[in-house]
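Chemist: Sequence first, then the predicted structure, then my questions.
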Amino acid sequence: MPAIVDTERGVGSRTYGEVLRLDELLTMQEDIAEIPDTRFFITVHQITELWFMVILHELEHSRAAIAADDIPQACYRLRRVARIEDVLVTQVSAIESLSPGGFAVIRERLAASSGFQSAQFREVEFLSGLKDPRYLELVDVTAVERRRLERRLAEPSLVDEFEALFARRGRPDLVAVTRGETDPELFALVEGLLDHDAGFARWRAVHALMVERLIGYKPGTGGSAGVAYLKSTTDKRFFPKLWQIRSSL
């Protein structure tokens, strides 16, 4: 984002609205065909994408901290991610305030656009460790989004960095670590990663239920199968190895 510099007043005297670029931000909610609910619908999804942007920022910092053996910093970032995911889960109830009939009118105007096309959602998956290159062949994204997704596929994920850290620490017994018997830093990191995983899984689940409430089992827009597809993703986990350890405690 370019800096807002007023040579007359100086950087330090920018107003609240200038710092947040509100003149731009508050004109980015497109009304579709005079539908009253559209502004709400568009705004909620823009907010979701802004939160995805912040989650990606925090996960990148967490990944870098793990690579640098700075586990407290990694956990600090993961705590923030988990709290954002709490907000996203709560936000779904706001979308449920749409009536099925009202949403049906909006849906007619959406054409082929769909949340299935959210590149940032896939970036969160790829960066966390759930990489599926087939997605690039299944959905239309912009050229810029495609380059970002290709970069995420090629770069190390949180799973990769955790495995590298695990090796650097001599591959300790993760059952003992999870019981809190050894390596409190590694224990805190495991819990932080699982908090992120659980938070995203909760969002998947409540999102699928919300869509079912609005459209039932109609096919989704943007090339997805709708609720059937969303429900098929609710068991996905970024860190299955860390979940499996629970069975050994």
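Modeler: Good, I have the coordinates.
Chemist: Domain map for this protein?
Modeler: 1-30, 39-248 (automatic domain parsing).
Chemist: what sits against the residue nearest the centre of the chain?
Modeler: Ranked by distance to the mean C-alpha position of the chain (CA atoms, centre = their mean), the top residue is Phe52 at 4.3 Å. Phe52 makes contacts with 118, 120-121, 123-124, as judged by CB atoms under 8 Å, 6 or more residues apart in numbering. For every residue, glycine as well, the C-beta is placed using N, CA and C.
Chemist: so Cys75 touches Leu193, yeah?
Modeler: No - look at Cys75 against Leu193 with CB atoms under 8 Å: they stay out of range, at 9.2 Å.
Chemist: For those two, indicate the residue with more neighbours.
Modeler: Leu193 (25 against 21; other CB atoms under 10 Å).
Chemist: who touches the more buried one in this structure?
Modeler: Here Leu193 is in contact with 78, 158, 162, 238-239, 242 (criterion: CB under 8 Å, 6+ apart).
Chemist: The helix or strand of the chain at the bottom of the mean pLDDT ranking: which residues count as buried?
Modeler: One helix or strand of the chain scores below all others by mean pLDDT, DSSP states H and E: helix 100-110, with a mean of 84. Residues of helix 100-110 classed as buried by neighbour count (16 or more other CB atoms under 10 Å): 102-103, 106-107.
Chemist: Looking at the residues you listed, spot the one nearest Asp197.
Modeler: Using CB to CB, Phe103 comes nearest to Asp197 of the buried residues of helix 100-110, at 29.7 Å.
Chemist: Work out for me the element the nearest residue to that closest one once chain neighbours are set aside sits within.
Modeler: In space, and not counting its chain neighbours, Phe103 is closest to Leu214: 4.8 Å by CB to CB, 6 or more residues apart in numbering. With elements taken from DSSP states H and E, the one containing Leu214 is helix 184-215.
Chemist: Does the nearest residue to Arg168 once chain neighbours are set aside belong to a helix, a strand or coil?
Modeler: Leaving aside its chain neighbours, Arg168 sits nearest to Asp69 (7.2 Å; criterion: CB to CB, 6+ apart). Look at Asp69: counting by DSSP: H, G, I helix; E, B strand; the rest coil, its state is coil.
Chemist: Check the gap between Asp69 and Pro219 for me.
Modeler: According to CB to CB, to the nearest Å, Asp69 stands 48 Å off from Pro219.
Chemist: which sections of the protein are below the confidence cut-off?
Modeler: 1-12, 32-33, 111-112, 220-225 (pLDDT under 70).
Chemist: Now with 50, please.
Modeler: The model of the chain has pLDDT under 50 over residues 1.
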